[in-house]
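In: Below are the sequence and a predicted model for it; my questions follow.
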Amino acid sequence: MPEWVVSCPHCHKSFCYTAIDPRPAQTPYDPLWPTKPEFPQEGLNLTCPNCGHISKYQRFDLMYSPR
């Protein structure tokens, strides 16, 4: 299942922020799908599950991963 991931600036490993639900078959093709989830204006503190480092992320830090 595809997911939105972020990269830890401390250990440089990426980790899942959220899974992306499949596009419903009845939804027309949209080249801009999926859209990134909204983030708070001040950013979001997330803890890296690999090294435990806490970092602040912005919406533009999200990367698509087809995993």
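Out: Sure thing, it's come through.

In: all helices for the chain, in order.
Out: Read by DSSP state H, the chain holds no helices at all.

In: Tell me which stretches of this protein form strands.
Out: 3-7, 14-19, 44-47, 54-57, 63-65 (DSSP state E).

In: mind checking which of those strands is nearest Gln26?
Out: Of all the strands of the chain, strand 14-19 sits nearest to Gln26, with 20.7 Å by CB to CB. Glycine gets a C-beta too; all of them are placed from N, C-alpha and C.

In: Quick check: Lys56 vs Trp4, distance?
Out: 16 Å (CB to CB, to the nearest Å).

In: When the two are compared, which one has more neighbours?
Out: Shown here are Lys56 and Trp4; by other CB atoms under 10 Å, Trp4 has more neighbours (18 against 11).

In: Give me the pLDDT for the more buried one.
Out: For Trp4, the pLDDT comes out at 97.

In: Please apply the same query to Tyr29.
Out: pLDDT at Tyr29 comes out at 85.
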